[in-house]
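S.K.: the following comprises the amino acid sequence and a computationally predicted model.
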Amino acid sequence: MKIKVFETFAGIGAQAKALEILKNKIKDFDYKIVATSEWDSYANIAYNAIHNKTNKDNKIKYEDKINYLKNFTHSLNSKTPSSIERLEKNGPDFIGSLYDSFINSNNLGSITEITGEELINKSGHVDLLTYSFPCQDLSTGGFLHGGNKGTKKGSNTRSGLLWEIDRILTELDEMNEKPKYLLLENVSNMLSSKHLNDYLLWLNKLNSLGYSTQTFVIDSSEFGSAQRRKRVYALSVLNVTDEIFSDTLKNKKKNSISRDDVVESNERLENVSKSLHIQQQLKDVLRVNYNDKELFAEAEDALANRTPSRNKMYEHSPMLFTEYKKEKNKKDATLSRTVTTKQDRNPNAGIISILNKDGKPDKHFKNVDFNNKMYYKSSLFNYFSII
Ligand SMILES: C[S@@+](CC[C@H](N)C(=O)[O-])C[C@H]1O[C@@H](n2cnc3c(N)ncnc32)[C@H](O)[C@@H]1O
């Protein structure tokens, strides 16, 4: 049996990737992504490149692709909508890739515009709904994005899009079509004292819809990943008996619940992870072999410009940067804490190795003008010392 998945806030498809890994590791486990929801055009094109092997039909006329894309709200920055005219400025290849991404992933567009009925009509019954909703208003760095308002219903924040999942589940409930499983993913700050009450509201909502939920805080580095990332995962199961899967909060006194009451032990998960033998090395992830011309071109292209705003960022948080002068004192020298992708530094792995062991720019970068470029997230020298 294939588990049918609706991947909302799909981004570049981490959930789809996890399922693919599980499928390769576990005999008899199978799944199909029957629909996705994502409005960021670049993420959609990346998702398609990563997860879908073929383009369905290249013979579709340009006008027909445009007309199809007009059915959805798109965004080029994941913050505000972008008009079709603006998308067209990126050229016909971009439009073609975006069209393919929608068709191949059965992307139903912005979560705010999807109804339960439409989902069932376009994908059939769904067994698992994943929702890694935006974290900007929850993350500790949220203040950089203009607020830390959390997931409050009606807050009109990006993290508040969580409540679109409530709306869709309620619509599915009316059709007797609720998914058996739900999987939430978000930043661990979601359980901080500032945001815990909002999360309890969400758990109550899930409970009233018939779901039992267990919440885990997982550090990816303890589960085979080459980087540290603490994330909250909440797994909900519909109409299940306590013997099989009980709601963590079932017997807790509701008015005095703390973060620890919400979080489940990871022990069971660790055993699962070990049995799957998933282990990734940082050196396998980073693309820092600059003898490979393509990788060097990518790194050079991805060097951050020394703009006034980045200089300001540096002044406020020098730990984000590895500056040449800091290299002399190894303890002071920093490295990127997470391997990340940034759309404006496309498509590097988030770390560019600029400095060599002597603290001098690597020979490949000798023509780079570091008055205009930054040593940003750099230094092979540093991070190899931690592997
Ligand atoms: C925390 S990220 C999820 C990342 C994803 N799990 C991945 O593997 O890349 C949140 C995602 O929600 C998307 N998003 C924001 N507003 C949306 C909307 N109205 N409809 C659908 N997706 C939206 C963002 O573009 C972003 O990709």
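M.R.: Done, it's in.
S.K.: neighbouring strands of the helix or strand residue 182 falls within in the sheet, and parallel or not?
M.R.: Counting by DSSP states H and E, the element that carries residue 182 is strand 181-187. Strand 181-187 has these partner strands in its sheet, going by DSSP bridges: strand 128-131 (parallel), strand 230-238 (antiparallel).
S.K.: so does the last one get close to the ligand?
M.R.: The reference is to strand 230-238. No: contact of strand 230-238 with the ligand (Cβ under 6 Å from any ligand atom) is absent, the minimum separation being 9.9 Å. (C-beta placed from N, C-alpha, C; glycine too.)
S.K.: could you identify the helix or strand that succeeds that strand?
M.R.: Counting by DSSP H and E, what follows strand 230-238 is helix 259-262.
S.K.: where in the stretch 151-300 of the chain is pLDDT low?
M.R.: 151-157, 159, 282-283 (pLDDT under 70).
S.K.: get me the contact residues on it for the ligand.
M.R.: Residues of the stretch 151-300 of the chain lying near the ligand (Cβ under 6 Å from any ligand atom): 158, 161.
S.K.: residue boundaries of the helices in the stretch 151-300 of the chain?
M.R.: Using DSSP state H, counting those that start in this stretch, the helices found in the stretch 151-300 of the chain span residues 162-174, 196-208, 259-262, 267-276, 282-285, 293-302.
S.K.: check the ones you listed for me and report the most buried one.
M.R.: helix 162-174 (a mean of 19; mean count of other Cβ atoms under 10 Å).
S.K.: helices and strands around that helix, which ones?
M.R.: Packed against helix 162-174 by the contact rule (3 or more Cβ pairs under 8 Å, 6 or more residues apart in numbering; DSSP states H and E) you find helix 116-123, strand 128-131, helix 196-208.
S.K.: can I get the strands paired with strand 181-187 in a markdown table including mean neighbour count?
M.R.: As requested, the strands paired with strand 181-187 are exported to a markdown table (neighbours: other Cβ atoms under 10 Å):
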| stretch | mean neighbour count |
| --- | --- |
| strand 128-131 | 23 |
| strand 230-238 | 19 |
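S.K.: figure out which of those is closest to residue 223.
M.R.: strand 230-238 (10.2 Å; Cβ to Cβ).
S.K.: what does that closest one contact?
M.R.: With Cβ atoms under 8 Å, 6 or more residues apart in numbering as the test, strand 230-238 has contacts from 178-188, 190-191, 203, 206, 209-220, 244-245.
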